[in-house]
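Enquirer: When you get a sec, could you give me coordinates for this:
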Amino acid sequence: MTTEAIFQTQLIQKAWEDPSFKAKLVSDPKSAIKEVLGVRIPDHIEVRTLEEQPNELYLVIPPNPAGVIKSEAKERAIW
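Expert: Residues are numbered from 1 along each chain as shown. Predicted structure coming up:
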């Protein structure tokens, strides 16, 4: 499991267990993430939180790796 997947799993689990955290994660995700995991998301990164409903499916299309210049990418960087 990747670091990103572990990170997301921790946030989802916490949101399921704590309705007040879930509300904050939806309204102010960067603050909620910092408060619970101690991770500061840089200002240039936008975080959007959506609550999926049973009759919905969200498909997230990541950036095309061909569009990333290798010299700009940092090895093992998340953000």
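
Enquirer: Show me where this protein has its helices.
Expert: Assigned by DSSP state H, the chain shows helices spanning 3-17, 19-27, 29-37.

Enquirer: and these as JSON lines, adding distance to Leu57?
Expert: Any C-beta I mention is one placed from the backbone N, CA and C, and that applies to glycine too. What follows is the helices of the chain, written out as JSON lines (distance: least, C-beta to C-beta, whole Å):
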{"stretch": "helix 3-17", "distance to Leu57": "16"}
{"stretch": "helix 19-27", "distance to Leu57": "18"}
{"stretch": "helix 29-37", "distance to Leu57": "21"}
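
Enquirer: any idea which of the ones you listed is most buried?
Expert: Among the helices of the chain, helix 29-37 has the highest mean neighbour count (mean count of other C-beta atoms under 10 Å), at a mean of 16.

Enquirer: And for Pro54, the neighbour number?
Expert: 5 (other C-beta atoms under 10 Å).

Enquirer: State the distance from it to Gln13.
Expert: 19 Å (C-beta to C-beta, to the nearest Å).

Enquirer: Same check on Phe7?
Expert: 11 Å.

Enquirer: how near is the residue nearest to Ile33 when sequence neighbours are not counted to Thr9?
Expert: Leaving aside its sequence neighbours, Ile33 sits nearest to Val39 (C-beta to C-beta, 6 or more residues apart in numbering; 5.5 Å). Computed as C-beta to C-beta, the Val39 to Thr9 distance reads 14 Å.

Enquirer: now do Asn55
Expert: Taking C-beta to C-beta, one finds Asn55 at 23 Å from Thr9.
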